[in-house]
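*Asks:* What shape does this take:
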Amino acid sequence: MASSLSNSPILKTIELHEKKDPVRNLWRNVLIVGIEDLLKKKEIQIKFNIPEKYSLEEMWFDHEDFDLICEYSQLAPKIVRKRVFETIERIRNKYVGKRNMSEMPGKWFYKSEGISREPNRHSTTMYNV
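*Replies:* Numbering: from 1, shown residues only. Model (predicted):
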């Protein structure tokens, strides 16, 4: 059983013989909620082209409380920060090309040969009542 799990990606975050620690799990959940809040706020700023200001969530990442929560979670704060900022960069790259529709490559649907935009005035989707 253990040998079949040895190649699993789950083992990167969980050790099989690790004792469950409810306090550590609580602090990890606190960390997850803080990271989710930051990522949601950054995605909205990037998606709608809102000028990026230093938010409360980002201030929390630079505060000593963040390091303390990481210590209680048994995680390295530098690695957590690095991964979060890499995720923010991926979000930024996701929306960078979608801001200006005129730069969109390829044909538009209504100009393609497969879709006809001419109205058919003889047919209707509504039946006479």
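
*Asks:* how deep is residue 69 tucked in, by neighbour count?
*Replies:* Residues contacting residue 69 under the criterion other Cβ atoms under 10 Å number 19. C-beta: built from backbone N, CA, C; applies to glycine.

*Asks:* My guess is it contacts residue 33. True?
*Replies:* No - applying Cβ atoms under 8 Å as the test, residue 69 and residue 33 come out as separate, 10.6 Å apart.

*Asks:* what helix or strand is residue 72 on?
*Replies:* helix 64-73 (DSSP states H and E).

*Asks:* What is that helix packed up against?
*Replies:* Packing partners of helix 64-73 (3 or more Cβ pairs under 8 Å, 6 or more residues apart in numbering; DSSP states H and E): helix 22-47, helix 77-96.

*Asks:* any low-confidence regions in this structure?
*Replies:* Regions of the chain meeting the criterion pLDDT under 70 cover residues 1-18, 97-129.

*Asks:* could you redo the last one with a cut-off of 90?
*Replies:* Residue ranges of the chain with pLDDT under 90: 1-20, 45-63, 94-129.
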